[in-house]
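**Student:** Provided below for reference: sequence and predicted model.
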Amino acid sequence: MQSAQRTPVPHAGASLSTSARGSRGQRRRTLGEGTLPGRRGSCQNMRPALSIKENDILHIKGQNRYTSEIRLVEILETLCESSSFECNRMVEEHEEHFETWWFRWKTEHPDLFKWFCINTIKVCCPKGTYGPDCNACVGGSERPCHGNGLCDGDGTRGGQGTCTCNHGYQGELCLDCVEGYFSEERNDTHAICTECHTSCKTCAGPSNGDCEDCKAGWEKDQQGACIDVDECSAQSPPCKEDQLCVNTDGSYSCKACDKACSRCRGEGPDQCLACAEGYQDEDGTCADIDECSLPERVCPGEHRECVNIKGSFRCFCSSGFEDHGGVCLESQETEADEADEMHTGADSEPTSLHTVEHEDL
């Protein structure tokens with residue numbers, strides 16, 4: 001059996017062979033320094049994309065015997081997700097830089113992202129720095145914005161280095177608390193802002209007894225703690241007469257009474273303070289009145305019928321009759337049908353009158 005031939009390892013500075021390049025070399029374009037987008041998302045998307053896998057780190061450190069140029073091509077092919085257009089374009093356009101790193105600098109500079117994006121094409125900065133010179137963000141590169149916000153331009157060659165504070169924090173350094181939060185811990189480099197009790201507008205601690213001012217819908221009791229205002233127990237309740245007032249923490253809601261009630265103190269027909277029209281009190285519960293069963297007819301006139309519904313009733317004409325201004329008259333279709341039947345009966349001859357012809361004897 002003939003032994004397999006091993007692809008020779010190019011010397012430092014050598015370029016990939018045409019066969020190893022594949023389609024990569026066919027569309028190569030050269031970009032100048034810093035031409036890749038400097039947006040925050042771009043550099044942060046490149047960082048994981050250019051992170052060398054564990055097997056490749058072993059290879060770079062000389063612990064892997066597979067050192068051919070084909071290995072470089074394999075690594076380049078797996079640097080980016082197939083859907084990442086920007087990353088794949090970057091790898092293609094700067095392939096020569098990757099070759100240089102592979103054959104000359106990978107041992108001395110194993111961090112590909114730092115060597116390529118930060119030091120070589122200079123489109124990104126280390127984390128916690130920003131701008132053309134990669135200056136430290138406010139609060140320092142280790143804890144930008146003191147850990148309580150985002151540094152504008154963090155990790156890119158752009159931005160102003162100003163802080164956008166997280167919820168609950170404010171100020172140029174993101175060390176101050178907004179209204180509704182109190183400072184649980186604070187020094188020159190650290191701050192922890194904690195939300196006040198739900199009843200407090202401003203506070204000095206976590207409980208309702210620590211409120212400096214109460215929110216709307218709350219009031220201070222004799223001990224100075226903020227407690228809920230029961231709007232429903234006020235002399236003039238805020239809801240309509242046919243609505244039920246429901247008190248909630250710091251507010252209230254209005255719910256429609258049961259249909260059987262005109263006024264109510266709770267939910268259901270047994271919680272009525274007064275029955276609605278069409279209902280009557282039966283042992284403390286407002287029940288529907290069956291108007292159709294009353295001694296006095298509620299649907300007067302001939303050929304009229306009554307049907308009971310919740311809280312009311314309806315009148316309708318009997319079958320074969322139509323309503324004409326409150327009077328039920330026989331429908332024209334019925335009259336036509338009767339006339340048809342009479343006409344058909346007059347024109348027909350009874351079987352007994354039929355004549356039968358006989359042959360002469």
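**Tutor:** Sure, I can see it. Residues are numbered from 1 along each chain as shown.
**Student:** For the rest of this, base every contact and every neighbour count on C-alpha atoms.
**Tutor:** Will do.
**Student:** Dump stretch 93-112 to PDB, restricted to CA.
**Tutor:** Output in PDB follows, covering the C-alpha atoms of stretch 93-112 (Å, rounded to 0.1, in the frame of the first residue of the first chain):
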ATOM      1  CA  GLU A  93     -11.500  40.700   2.700                       C
ATOM      2  CA  HIS A  94      -8.700  40.300   5.200                       C
ATOM      3  CA  GLU A  95      -7.500  36.800   4.500                       C
ATOM      4  CA  GLU A  96      -3.900  38.000   4.000                       C
ATOM      5  CA  HIS A  97      -3.900  39.300   7.600                       C
ATOM      6  CA  PHE A  98      -5.000  35.900   8.800                       C
ATOM      7  CA  GLU A  99      -2.300  34.100   6.900                       C
ATOM      8  CA  THR A 100       0.300  36.500   8.300                       C
ATOM      9  CA  TRP A 101      -1.000  35.800  11.800                       C
ATOM     10  CA  TRP A 102      -1.100  32.100  11.200                       C
ATOM     11  CA  PHE A 103       2.400  31.700   9.900                       C
ATOM     12  CA  ARG A 104       4.200  34.400  11.900                       C
ATOM     13  CA  TRP A 105       2.300  35.600  15.000                       C
ATOM     14  CA  LYS A 106      -0.100  33.000  16.300                       C
ATOM     15  CA  THR A 107       2.300  31.700  19.000                       C
ATOM     16  CA  GLU A 108       3.300  35.100  20.200                       C
ATOM     17  CA  HIS A 109      -0.300  36.500  19.900                       C
ATOM     18  CA  PRO A 110      -2.800  33.700  20.400                       C
ATOM     19  CA  ASP A 111      -5.700  36.100  20.900                       C
ATOM     20  CA  LEU A 112      -6.800  36.500  17.300                       C
END
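**Student:** Give the buried residues for it.
**Tutor:** Buried residues in stretch 93-112, counted by 16 or more other C-alpha atoms under 10 Å: 93-96, 98-99, 101-103, 105-106, 110, 112.
**Student:** Against G217, how distant is E86?
**Tutor:** 53 Å (C-alpha to C-alpha, to the nearest Å).
**Student:** Pick out whichever of those two has more residues nearby.
**Tutor:** Shown here are E86 and G217; by other C-alpha atoms under 10 Å, G217 has more neighbours (17 against 14).
**Student:** My guess is that one contacts C232. True?
**Tutor:** No - between G217 and C232 there is no contact under C-alpha atoms under 8 Å: 11.7 Å.
**Student:** Tell me the secondary structure at T202.
**Tutor:** The three-state label given to T202 by DSSP: H, G, I helix; E, B strand; the rest coil is strand.
**Student:** Who are the contact partners of the nearest residue to N135 once chain neighbours are set aside?
**Tutor:** Computed as C-alpha to C-alpha, 6 or more residues apart in numbering, the closest residue to N135 that is not its neighbour in sequence is T129, at 5.1 Å. Contact analysis of T129 by C-alpha atoms under 8 Å, 6 or more residues apart in numbering lists 135-137, 141, 153-156, 161.
**Student:** Mind putting those into CSV with neighbour count?
**Tutor:** CSV is the format used below for those (neighbours: other C-alpha atoms under 10 Å):
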residue, neighbour count
N135, 19
A136, 22
C137, 27
S141, 20
G153, 26
D154, 32
G155, 31
T156, 30
G161, 22
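**Student:** Just those residues: which are in helices?
**Tutor:** Taking DSSP state H, every one of the contacts of T129 sits outside helices.
**Student:** Please read off the pLDDT at G131 from the model.
**Tutor:** pLDDT recorded at G131 is 95.
**Student:** Pretty sure it sits against T162.
**Tutor:** No - contact status for G131 versus T162: not in contact, 11.3 Å apart, counting by C-alpha under 8 Å.
**Student:** and those two? which has more neighbours close in?
**Tutor:** Between G131 and T162, counted using other C-alpha under 10 Å, G131 has the larger neighbour count: 22 against 19.
**Student:** who's in contact with the one helix or strand S253 maps to?
**Tutor:** According to DSSP states H and E, S253 maps onto strand 251-256. The contact list for strand 251-256 (C-alpha under 8 Å, 6+ apart) reads 217, 229-232, 239-240, 242-247.
**Student:** quick one: which of those residues is nearest T198?
**Tutor:** Distance ranking of the contacts of strand 251-256 against T198, using C-alpha to C-alpha, places G217 first at 10.9 Å.
**Student:** what sits against the residue nearest to C134 when sequence neighbours are not counted?
**Tutor:** Nearest residue to C134, sequence neighbours excluded (C-alpha to C-alpha, 6+ apart): C125, at 5.5 Å. C125 is in contact with 117-118, 131, 134, 154-157, counting by C-alpha under 8 Å, 6+ apart.
**Student:** Can you get me a residue count around the residue lying closest to E142 once chain neighbours are set aside?
**Tutor:** Closest residue in space to E142, ignoring its immediate chain neighbours: G128 at 6.2 Å, by C-alpha to C-alpha, 6+ apart. For G128, the neighbour count with other C-alpha under 10 Å is 25.
**Student:** Many thanks, we can stop here.
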